[in-house]
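In: let me see the structure of the following:
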Amino acid sequence: MSIVQDFIPAGRRNRPGRVNPMLFVTIHETGNASNGSNARAHANYLKGDTAANAPVSWHYTVDDAQVYQHLPENEDAFHAGDGAGNGNRQSIGIEICVNADGNFQNAVNRAVTLVADICTRRNIPLTNVRQHFDWSGKNCPQTIRAGRPYGWNVFLDKVKAEIEKQTAPPPPTTKNPIMGASTLTADQLAAYLLSKNPNPKINCSALELARFFISEGNVEGVRGDVAFCQSIHETGWFKYGGQVLPEQNNYSGIGAVNNSPTGAGAWFDSPQIGVRAQIHHLKAYASTQALKQENASPRFHLVTRGIAPNWEDLNGRWAVPGTTYGQGIIKLYESAREFAAALLPLSSTPPMDVEMAVAVLVKHGVINSPDYWLANHSKLEYVDGLIINMANKLQAIK
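Out: I've put the predicted structure just below:
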């Protein structure tokens, strides 16, 4: 809640400066229905001679749009009409504006939020939220006491609900386990990669690489589909250009630490072994279970086993500083899922040829290199069906 601090100058008669133990909150209404009699207007009034000579003062004024603070909460004021009693000396006074050109219900709702905030910060029980009436017998807050926009008990119930809202623990952050079964298929992963980079710098086909991730992940119980997305993240869609070279078959930067020279990371004899090393390294972080195969990661022994069971737990570990490293991987995975959801089953009958389908995909921004697809689609065993099926899906939802 935004609060404008516009304090009564120190030394004025209506700012006595005595210590307020802040044991109560007192609710008032200004009683001034004139147009323009909002929180700012009352802040100006309290700094004037009339208020000082009375003397009269309180801590906050609330209207339908803003809150003004006139005194520090830990100073007492003249607002409760009980002289040196607990109302003036031990409570925080809040005035709610009733100006005719304001929205009173919005002002009361704003007061509810302010009271809940004060009670939470100052550890004031709800039983110590009082009406002006309780201290001096004055019919105030008059409108609320008359049941508009709701009565006093409802006001307190709303304060209680707001306190519970303000003090509720934050919802648990959902994390995504590294261990588990893949939900995306190799075909879907390969198509996703090729939709963004039709010429990945890998030493096998996109489909073969995706199959390695799924199969190696299945052996060790690691999410191979998400690991594939980790490799997209690490290699920049397999365009490389960083510390790791395509011929290293190193898809996750294993051994490539900050500021190391190009090519200094781990080298693997084949794409499959490179994938296996990545899966093994992930299992080292995520689990204390033994590997099913001979370890392929040269840095497996450096990991504290089971220290990072979720992708988000890799932040600052797999990548440094990497504060959102795991979240970035999951974002790619969610994008891959959306891409896969747009594909029709491969068994559906294509109603158009590849040239028409490519034109549809270009129109929808799915691919940006139509010449490549038209020249090479027949060389890739599964791409014809994916191109056509995706175009059908896009046409259906257009």
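In: pull the longest helix from the protein.
Out: Residue-count comparison of every helix in the chain, with assignments taken from DSSP state H, identifies helix 104-122 as the longest.
In: chain center to it: distance?
Out: Helix 104-122 has its C-alpha centroid displaced from the chain centroid by 26 Å (C-alpha atoms, centre = their mean, to the nearest Å).
In: can you check stretch 357-375 too?
Out: Offset of stretch 357-375 from its chain centre (C-alpha atoms, centre = their mean): 35 Å.
In: got the buried residues for it?
Out: Of the residues in stretch 357-375, those with enough neighbours to count as buried (16 or more other C-beta atoms under 10 Å) are Ala357, Val358, Val360, Leu361, His364, Val366, Ile367, Ser369, Trp373. In this view, the C-beta of every residue, glycine as well, is placed from N, C-alpha and C.
In: cool, stretch 120-135 as well?
Out: Within stretch 120-135, the residues scored as buried using 16+ other C-beta under 10 Å are Arg122, Ile124, Asn128, Val129, Arg130, Gln131, His132, Phe133, Asp134, Trp135.
In: can you pick out the most distant pair from those residues?
Out: Using C-beta to C-beta, the two most remote members of the buried residues of stretch 120-135 are Arg122 and Phe133, lying 21.9 Å apart.
In: let me know the secondary structure of Pro169.
Out: Reducing the assignment at Pro169 to three states with DSSP: H, G, I helix; E, B strand; the rest coil gives coil.
In: what's the pLDDT at it?
Out: You'll see Pro169 listed with a pLDDT of 89.
In: in which helix or strand would I find the closest residue to Ala80 other than its chain neighbours?
Out: Setting aside the residues directly before and after it, Ala80 is nearest to Gly87 in space (C-beta to C-beta, 6 or more residues apart in numbering), at 2.5 Å. Here Gly87 sits within helix 86-90, counting by DSSP states H and E.
In: helices and strands around the following helix or strand past that helix, which ones?
Out: For helix 86-90, the succeeding helix or strand toward the C-terminus, using DSSP H and E, is strand 91-96. Using 3 or more C-beta pairs under 8 Å, 6 or more residues apart in numbering; DSSP states H and E as the contact criterion, the secondary-structure elements in contact with strand 91-96 are strand 24-29, strand 60-62, helix 104-122.
In: relative to strand 91-96, what are the paired strands and their orientations?
Out: strand 24-29 (parallel), strand 60-62 (parallel) (DSSP bridges).
In: these: which one's closest to Cys140?
Out: The closest approach between Cys140 and any of the strands paired with strand 91-96, judged by C-beta to C-beta, belongs to strand 24-29 at 5.5 Å.
In: now find how far off-centre the closest one is within its chain.
Out: 36 Å.
In: now the following helix or strand past it, how far from the centre of its chain.
Out: Reading on from strand 24-29 to the C-terminus, the next helix or strand found by DSSP H and E is helix 39-46. Using C-alpha atoms, centre = their mean, the mean C-alpha position of helix 39-46 is found 38 Å from that of the whole chain.
In: now swap in stretch 254-268 and tell me
Out: With C-alpha atoms, centre = their mean, you get 33 Å for stretch 254-268.
In: other residues contacting it?
Out: 242-245, 248-250, 253, 274, 277-278, 281, 296-299, 320 (C-beta atoms under 8 Å, 6 or more residues apart in numbering).
In: hmm, the residue nearest to Ala80 is touching Asp76, no?
Out: No: contact criterion C-beta atoms under 8 Å: Gly87 and Asp76 do not qualify, at 9.7 Å.
In: that older thread, which positions in the helix holding Gly87 come out as buried?
Out: For helix 86-90, a neighbour-count test (16+ other C-beta under 10 Å) marks Asn86, Gly87, Asn88, Arg89, Gln90 as buried.
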